[in-house]
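*Asks:* just the structure for this:
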Amino acid sequence: MADVLPLVEARLRTALGEPDARAAVTFLGTDRIEVLRFQEDSREGAVVRYATLGMSAHPMSDPTAMLADPVKGPRAELVLSVRAGLADTGKVLRPLAVLAASPQVEGVIVAPGASLDVGEPLWPGAPFTSVLVAEPGGLVEDLELDEPLDPVRFLPLLPMTPNEAAWKRVHGAQALQERWLTNGTDLRDPSRRSVPLD
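*Replies:* Reported below is the predicted structural model:
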């Protein structure tokens, strides 16, 4: 069985360029998770992207299954994009690694529409403690693997304020995303306020 992670890193580099920093985090009983940082300058300003590397080494398995399938099952990595220079977002590396390790640690399947909560600010002073998992395919295309392996999906993370997370639990992910869209919310702003929810 081919090692998936070199292929995943190659796909990230093709889509996002060369990483300018990387950090590794290891949790007891789990494989190492790396977080790569990519800088991008565009007409809209500088953006920093953080991508996990290691979550896709194993397929995510149904927590109710008696035995985890070592081959089949969804695979994913997480991608977070924030505007550069507006907050100390470099400290997001550990929370991102925690989220990427959650399938191994907690036996959860991370999929679009899910909420992931780290229980503390994503970075110092951040108004967000959780993220909404968005649909993949926009920024980094899925990585097809040889049969019978599922493709690796690169899931964008959208930071949510506690109020937004509570509202999403009641009304659903689609309704929250529509609310963001209607209000022209800059989801990359690391210090943005909660969208109006009344």
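*Asks:* which residues in the protein form strands?
*Replies:* Listed in chain order, the strands of the chain (DSSP state E) span 21-25, 33-42, 45-53, 75-83, 115-117, 130-133, 152-160.
*Asks:* of all these, which lies closest to residue 141?
*Replies:* Evaluated over the strands of the chain, closeness to residue 141 peaks at strand 152-160, with 7.7 Å, by C-beta to C-beta. For every residue, glycine as well, the C-beta is placed using N, CA and C.
*Asks:* next, the angle strand 75-83 makes with that closest one.
*Replies:* 40 degrees (axes from the mean of the first three to the mean of the last three C-alpha atoms, to 10 degrees).
*Asks:* can I get strand 152-160 in CSV? Just the C-alpha atoms.
*Replies:* The C-alpha trace of strand 152-160 is given here as CSV (Å, rounded to 0.1, in the frame of the first residue of the first chain):
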residue,chain,number,x,y,z
VAL,A,152,-8.4,12.5,0.1
ARG,A,153,-10.6,15.5,0.5
PHE,A,154,-9.3,18.9,1.6
LEU,A,155,-11.9,20.4,3.8
PRO,A,156,-12.0,24.2,4.4
LEU,A,157,-12.6,25.3,7.9
LEU,A,158,-14.7,28.4,8.6
PRO,A,159,-14.3,29.9,12.1
MET,A,160,-17.5,30.4,14.1
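*Asks:* now do it, average pLDDT.
*Replies:* Averaged across strand 152-160, the pLDDT comes to 97.
*Asks:* next one: stretch 20-39
*Replies:* The model assigns stretch 20-39 a mean pLDDT of 88.
*Asks:* start to end distance for that stretch?
*Replies:* 7 Å (C-alpha to C-alpha, to the nearest Å).
*Asks:* in contact with the nearest residue to residue 142 once chain neighbours are set aside: list those residues for me.
*Replies:* Among residues not flanking residue 142 along the chain, residue 151 sits closest, at 4.5 Å (C-beta to C-beta, 6 or more residues apart in numbering). By C-beta atoms under 8 Å, 6 or more residues apart in numbering, residue 151 lies in contact with 75, 142, 143, 144, 145.
*Asks:* show me what contacts the residue most central in space within the chain?
*Replies:* Residue closest to the mean C-alpha point of the chain, counted by C-alpha atoms, centre = their mean, is residue 78 at 2.8 Å. Contact analysis of residue 78 by C-beta under 8 Å, 6+ apart lists 51, 52, 55, 96, 99, 100, 110, 133, 154, 155, 157.
*Asks:* mind running it again at 7 Å?
*Replies:* By C-beta atoms under 7 Å, 6 or more residues apart in numbering, the residues touching residue 78 are 52, 55, 96, 99, 100, 155, 157.
*Asks:* again, but for residue 115
*Replies:* By C-beta under 7 Å, 6+ apart, residue 115 lies in contact with 130, 132, 165, 168.
*Asks:* can you check residue 112 too?
*Replies:* By C-beta under 7 Å, 6+ apart, the neighbours of residue 112 are 133, 134, 135, 155.
*Asks:* repeat that with 10 Å
*Replies:* 76, 132, 133, 134, 135, 136, 137, 153, 155, 156, 173 (C-beta atoms under 10 Å, 6 or more residues apart in numbering).
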